[in-house]
Structure formats: C-alpha cells, structure tokens
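Peer 1: Attaching a predicted model along with its sequence, questions to come.
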Amino acid sequence: MLSCACLLLLLPISHAAQQPQLSGWEWQNPLPQGNTINSVRFAADKKTGWAVGSDGAILRTRNGGFEWQPQLSPAITTLYGLYVKDKARAVISGAGGVIMTTADGGRRWVTRTTGTKDHLFAVTFAPGDPMLGWSVGTFGALIATTDGGVTWKPQSTNTSSHLFSVAFFDAKSGIAVGSRGTLLVTNNGGAEWKPYAGLGNLFLTGVSFVSAKRAVVVGYQGTILQTDDGGATWRNLNVLVTTDLLSVVFTDEMHGWAAGDGGVVLTTGDGGTIWLPVNVRTAPKLTTLFFADETLGWAAGADGLVVRTDDGGFSWRRLTEGGREDLSHIFFMDNSHGWAVGSRGKILFTSSGGKNWIVRLSGTTNRLNSITFVSRKVGFAVGDRGTVLRTMNGGVLWELVVVEAKEDLFSVDFVSPESGWIAGARGLIMHTEDGGQTWRSQKTNTLNWLEDVSFTDPQHGVAVGSNGTILRTENAGETWKRVDKNLREWLYAVTFADGLRGYAVGSRGIILRTDDGGVTWKDMESGLSTNLFAVAVAGRDDVLVAGEQGRIIHTQDAGATWEQQPTITSAPLYSVAYRGGANLWVAGSGGAILRRTDSIATVSIPTPRLPPSLRGGVPKLQPQNAANAVDDGDIPRAVPPTRKPLRP
C-alpha cells in the first residue's frame, strides 16, 4: 500500500504551470502557483534558488524565496529532482526520462537525451565536480553523466525496485535508496553498485552524507537508518515518530534535518544520533527540504507551499500566499464580483475578477459546498451537517439559518429572491418561499445522495446524484419524479441554458443532455474516462466541463464534439464559473483558483461511438477530516529581513 501511495506521483501531467503565455491560464490562488513542489534547492549565495514540481512547474527566486518568478519548461510533465550548481547552472529530472539543464539562470532550459523513459525522481552531482552526476528512477533506473548533464549513460543496478534518492560524498562514494528496502552503495563512481540486504520491505525515500563514513537514510513510518562505515553496515534509529519521511539533508557533520507528512520536521545537532521533532503549523505534506547552513533552510510540498526558517528549523514562515483549503464551488455574479467556498467554512470574495481574493468570516468550520447570490446584497451558502448561511450585506457578514436537517447539503439554487431549493445527502431537498428565512423538506422518495439541483423557473427543476439519480419536478417540488435512464454513474452537477436545454455530468466521463426540460436525456460521449465534477453554460450550445486531473473540455455545438483545454494543473477541479469567452474561472483541490486569460484554445477529442457502460462512482468530495484540515493562514507570512542603516 505504501508503494501505491508513492506511485501516485508518477502520473503524467498535461501542461506546465508556469506557461500562462502558452496555456491561456493564470493562477489566482494559491500564489505564485498551486501545483505540488517536489524539490527546492539554492545556490551557495543563499539567495538564488529554484523550486520544481508537478505540471512542469519551475520557479526561480533571487532573494531567498521572498519572491518567485515562473520559468518556461520545455518538458510538459512532472518534475521531481533538482540540483543547483551555482547562480547560473542547474539540472532538473522528471517523469518520462526527462533531464533539463540551464546555464543562464533558467532563462532557457534545454532538454537532454537520456536514453530512458523511466521517471527520474532525483538527480545529484559530486561535490566539487560539477561534471559528474547521477539520476535515479523507476524500476532501478540509474543514469550518469561526465559532462555536466549534457549526455547520460546507464549504470547497472541489478534491481527492479524504484529508486527515489541518490547522494554522493565525492566522485567515488555514493548511495541510492528506494522501495522494497533497496539500498545500494558504490565506491567507484557507480561502475558497480552493491546492495545492502536485510532491510525487508522498508520504503526508503531520502539519503544524505554526513561525512565520508557517516550517512543517513530516511523513509516511511519514521524510518531513519545510519551508517558509520561508508554503508557496509546500517542501524535503525528509534526516533519515536511514525510519520512518513520524504527528505533529509545535512549541512555539516553535526546539523541535519528530515521532513515529511503532517508538517513534521526532525532536526539533529549531533550528526544524526538524536532527532528532535518540530511541527510546521497546519500539518502540510513536505516533500522536499534544503538547508544552506545550520540556520537557514527551506521546505516545500503539496499545493505549492514553500516555507522558510531562519532559526535552524524551529519556526517556519510562508513564502507563498493564499489558502490551501479545497474549494467546492465558485460563483460569479458578473465579471468582477465572485465568491468561492470550501473546507473549514472557507469563504473567499473578489471584486476584481479574481486578481485579489479576501477571506470572509463564515462563523463555521463545517465544509461549505455551494454558494449563490440572488442580488448584490443577498446570498446563501450551504454545507456539511445541515449548514445554511445567509448574508444580507454582500457577503461581509454571514448568519446561520437554523434548519431541521442535519444531513450534508451540497447545492443551493434560487429562481427569485423568495424561492429557492437546497439538495443534500439521503435524498434531501428543502424549499423556501420567504427568501431563505425558513426551509421545509420536500418528499423525494429516494435515499440517494443529491449532489446538485437546478431550476429553470419557479415550477420546473431537476436534481441529480448517486446511482444515476435524476429527479424532476413540474410543481415547485411538491412532487419529484425519478427519470428512468438506467444509469449507475454518480452524477455530480446539472445546469440549464434555458427552459429546455440542460446538461449533467458525472463519473467516468459521462455527459448527458436534455432538450425537453429534463424529461429525457441522451449520452453525449465526452471521450474521457475521468470523473467530471462541474458543468457551466454560456448559451444553449456553449458548454464547459471540468473534473479530475485538471481536465477541462468545451463544446460549441451542444456536445456533438468536445475539445480539450490545455491546462496548467492536474489538481481535481470541482467547480467552474463560465460567463462566455475568456470570462472563465475554475476552482478545486488545494485551494486552486485559475482564470482564463484569453479566448478558449482547444484540441479535438475523438469521440467513441459506444453504448454507455455501467460505471458507478464515488462522492465528489470525501468527508472532511478535522484533524487533517488545512488552514494556510496559520503559518505566519515570511518577511524579508530589514537592513540596518549604515553608520555615518
């Protein structure tokens, strides 16, 4: 199971996060971007550094991480490994055998031929010799260079285990570690790699040399191994933590750090014998760690988070901006005013089309799943555990509306300032006729989860949900009738362009269209097998759909053909606000909010002509775990140190 968790990182990625000029998208939250950072490294000046990650993300800083600039990646894939030689030269490794080098500070990255298609998780060079380098990856892949990374040749490891990390003390002595307890040692620059046996099925993720003879290896379940004889023998240290450790680094023979899941950072001041735990607030997953000296270090990980310490790892401050709570729904009243809601009661507001988002206090920590406004002043948000919120002043203040229902509520829709509906778990539908002051339940004759509800006028509406459920009413919900479509797919969203034309989307790429107000539905083949979570319309024929793996597809012919958008993230996208043209926002996992920056660019998707299959599905958002909920605001923002004025 541990192997499966790590292999989730191997999924190929669709587009580079730092290519807005090519993709037509820009990050609005988090900033500078929200894709996972897999490696962060700095030059000897302690100011120039890079961070690389999923979806081709390359970021560069020249002031210690307080400001980051995106750089153009020629490889549109997940980037895993990074080695910084100096302010101008760096090397990146990634999925599909990618190696890239730069000699001009990243203004131009050059893809190098490696001779392998294995994912390369780490890259390193011999200290003192920037010509000698190694990179390791899946199925025992290990390649080496003697010309600074321009050309690469394979080295034999005699293992099929995935290798996740490699380190060298000098041109001869190196260690590589990976899955299934794989630990390889070389004393001749990689001409021969010798396995160390007896580690069982340990999942080893990082390695760092302390001295010529001492090295430290970290892994899952709090594993820390240490050798004092150059790798001939190893002992397992008891550090009293069970957290998965993903990275380790030493700056000298005494000072070292390890980091991993749950915001755990371990620090040692005696060469690795005793380790003390420090917890980064909000418990983020830290995939990478780097220290320039015994006090200054950086860590990074999920949702684009980068943090910095100036006291040896005892306290950490954010170098990135914006919350990282999952966002369930995004809603725009016009091209300027918008709201987004999500985990831990998060409500975000913008009056600038998303250029700036500010947090509005909701008064709840329950996850909010849907938000809508019936006017500039009056709005509603609904969420888990029967949460219904109402604002009467444009979202500045929110008040709790008491309802009898305690089920999770997933959708809210109004057709007038007085008349609205809420849909939720266990077949719940509630209706108000007094502007949301009171709500009463309507009989649906189903216990299926109802994910979304949409009304076209005060009488006609449709609700969709689990097990292919489609409910329809012609009398404001006094009676709801099930539409027999013989579906088992989980339907996540429904919307209407007018009284007749509507669309619904769901699991395994299903897209349905109705031309008679929901009486009948036909399958509009999307060509995708991924779950589709959101649908929005800018007209009868102009439809946009978003879902897993950052998928966004568009049609201008009512679904006869679908065209795929180049995207800059592979994060699940749970909601879309589409007002036509470039007025398009998507929101999803990790607090992601992206906006379209130009007209829609598309690539045609071949549409198979096959009958729909019975594909099933799962809830769009998993139950919120309060213990693991993320509130990025808890991590203080890092501020550049102020220079004292020189004495006259």
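Peer 2: That came through fine.

Peer 1: What is the burial count for residue 122?
Peer 2: 26 (other Cβ atoms under 10 Å). Quick note: C-beta positions are derived from backbone N, CA and C, even for glycine.

Peer 1: Check residue 457 too.
Peer 2: Residues near residue 457, counting by other Cβ under 10 Å, number 14.

Peer 1: That one and residue 498 touch, don't they?
Peer 2: No: applying Cβ atoms under 8 Å as the test, residue 457 and residue 498 come out as separate, 10.0 Å apart.

Peer 1: so how far is residue 281 from residue 344?
Peer 2: 14 Å (Cβ to Cβ, to the nearest Å).

Peer 1: Specify the beta-bridge partners of the closest residue to residue 401 other than its chain neighbours.
Peer 2: Distance criterion Cβ to Cβ, 6 or more residues apart in numbering; nearest residue to residue 401, sequence neighbours excluded, is residue 388 at 4.2 Å. Counting by DSSP bridges, residue 388 forms beta bridges with residue 382.

Peer 1: can you tell me which residues contact residue 388?
Peer 2: Counting by Cβ atoms under 8 Å, 6 or more residues apart in numbering, residue 388 touches 380-382, 400-401, 403, 409, 412, 422, 436, 439.

Peer 1: if you look at the residues you listed, which of them are in strands?
Peer 2: 380-382, 400, 409, 412, 422 (DSSP state E).

Peer 1: which of those residues count as buried?
Peer 2: Buried members of the ones in strands among the contacts of residue 388, counted by 16 or more other Cβ atoms under 10 Å: 380-382, 409, 412, 422.

Peer 1: Domain parsing of the chain, as residue ranges.
Peer 2: Here the domain parsing of the chain from automatic domain parsing is 202-320, 327-628.

Peer 1: Quick one: mean pLDDT over the shortest one.
Peer 2: Averaging pLDDT along domain 202-320 gives 96.

Peer 1: ditto for stretch 520-539
Peer 2: On average, stretch 520-539 scores 95.

Peer 1: Distance from that stretch to the middle of the chain?
Peer 2: 23 Å (Cα atoms, centre = their mean, to the nearest Å).

Peer 1: again, but for stretch 559-567
Peer 2: 22 Å.

Peer 1: Could you give me the buried positions within that stretch?
Peer 2: Neighbour counts using 16+ other Cβ under 10 Å place 559, 561-567 of stretch 559-567 among the buried residues.

Peer 1: Dump the residues you listed into a markdown table; add secondary structure as well.
Peer 2: Shown next, in a markdown table, are the buried residues of stretch 559-567 (DSSP: H, G, I helix; E, B strand; the rest coil):
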| residue | secondary structure |
| --- | --- |
| 559 | coil |
| 561 | coil |
| 562 | coil |
| 563 | strand |
| 564 | strand |
| 565 | coil |
| 566 | coil |
| 567 | coil |
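
Peer 1: Could you dump the residues you listed into TSV with pLDDT and distance to residue 364 added?
Peer 2: Below are the buried residues of stretch 559-567 laid out as TSV (pLDDT from 0 to 100; distance: Cβ to Cβ, whole Å):
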residue	pLDDT	distance to residue 364
559	96	38
561	95	43
562	96	38
563	94	39
564	91	37
565	88	34
566	85	37
567	86	32
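
Peer 1: Quick one: the domains of the chain as CSV, columns for distance to residue 107 too.
Peer 2: Output for the domains of the chain, formatted as CSV (distance: least, Cβ to Cβ, whole Å):
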stretch, distance to residue 107
domain 202-320, 21
domain 327-628, 20
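
Peer 1: is residue 227 in a bridge, and if so with what?
Peer 2: Beta-bridge partners for residue 227, by DSSP bridges, are residue 215.

Peer 1: For residue 385, see how far away it is.
Peer 2: Residue 227 is 52 Å from residue 385, where distance means Cβ to Cβ.

Peer 1: what's the nearest residue to residue 174 if we skip its chain neighbours?
Peer 2: Residue 174's closest residue in space is residue 168 (Cβ to Cβ, 6+ apart), at 4.1 Å.

Peer 1: Lowest average confidence across helices and strands of the chain, where is it?
Peer 2: Lowest on mean pLDDT, DSSP states H and E among the helices and strands of the chain sits helix 2-7, with a mean of 40.

Peer 1: now the protein, which segments are flagged as low pLDDT?
Peer 2: 1-23, 599-618, 621-634, 641-648 (pLDDT under 70).

Peer 1: how about the helices in it?
Peer 2: 2-7, 20-23 (DSSP state H).

Peer 1: Is it correct that residue 587 is in contact with residue 329?
Peer 2: Yes: counting by Cβ under 8 Å, residue 587 touches residue 329, with 7.2 Å between them.

Peer 1: Please identify every residue contacting each of these two.
Peer 2: Taking Cβ under 8 Å, 6+ apart as the contact definition, residue 587 and residue 329 share the neighbouring residues 340, 342, 574-575.

Peer 1: Settle it for me: which of residue 587 and residue 329 has more neighbours?
Peer 2: The neighbour comparison of residue 587 against residue 329 (other Cβ under 10 Å) goes to residue 587, with 30 against 26.

Peer 1: out of the buried residues of stretch 559-567, who's nearest residue 202?
Peer 2: Nearest to residue 202 among those is residue 567, at 36.5 Å by Cβ to Cβ.

Peer 1: The closest one against residue 552, yeah?
Peer 2: Yes: proximity of residue 567 to residue 552 meets the contact threshold set by Cβ under 8 Å, at 5.7 Å.

Peer 1: circling back to that earlier point, which one among the ones in strands among the contacts of residue 388 gets closest to residue 353?
Peer 2: residue 381 (20.6 Å).

Peer 1: what's near enough to touch that closest one?
Peer 2: Per Cβ under 8 Å, 6+ apart, neighbours of residue 381: 341, 347, 362, 368, 370-371, 387-389, 398, 412.

Peer 1: Name only those of these that count as buried.
Peer 2: Buried among the contacts of residue 381 (16+ other Cβ under 10 Å): 341, 347, 362, 368, 370-371, 387-389, 398, 412.

Peer 1: what's the spacing between the top strand by length along the chain and its chain's center?
Peer 2: For the chain, the strand with the greatest residue count under DSSP E is strand 129-137. Offset of strand 129-137 from its chain centre (Cα atoms, centre = their mean): 29 Å.

Peer 1: Partner strands of it, with direction?
Peer 2: Here, using DSSP bridges, strand 129-137 pairs with strand 120-126 (antiparallel), strand 142-145 (antiparallel).

Peer 1: neighbouring contacts of the longest one?
Peer 2: Applying Cβ under 8 Å, 6+ apart, the contact partners of strand 120-126 are 80-83, 85, 91-95, 97-99, 114, 131-138, 141, 143, 162-168, 170-171.

Peer 1: filter the residues you listed to the buried ones?
Peer 2: By 16+ other Cβ under 10 Å, those give 80-83, 85, 91-95, 97-99, 114, 132-138, 141, 143, 162-168, 171 as buried.

Peer 1: follow-up on the earlier one: make a markdown table out of the buried ones among the ones in strands among the contacts of residue 388 and add distance to residue 119.
Peer 2: Converted to a markdown table, these look like this (distance: Cβ to Cβ, whole Å):
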| residue | distance to residue 119 |
| --- | --- |
| 380 | 46 |
| 381 | 41 |
| 382 | 42 |
| 409 | 41 |
| 412 | 43 |
| 422 | 45 |
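
Peer 1: Could you single out the nearest of these to residue 301?
Peer 2: Nearest to residue 301 among these: residue 381, at 29.5 Å, using Cβ to Cβ.

Peer 1: Please tell me how far the closest one sits from residue 587.
Peer 2: 14 Å.

Peer 1: surely residue 40 meets residue 82?
Peer 2: Yes: the pair residue 40 / residue 82 is scored as a contact, 7.2 Å apart, by Cβ under 8 Å.

Peer 1: What's the local residue count around the nearest residue to residue 278 once chain neighbours are set aside?
Peer 2: Distances taken as Cβ to Cβ, 6+ apart put residue 265 closest to residue 278, at 4.7 Å, once the chain neighbours are dropped. Neighbourhood size, residue 265 [other Cβ under 10 Å]: 26.

Peer 1: Nice, that's everything, thank you.
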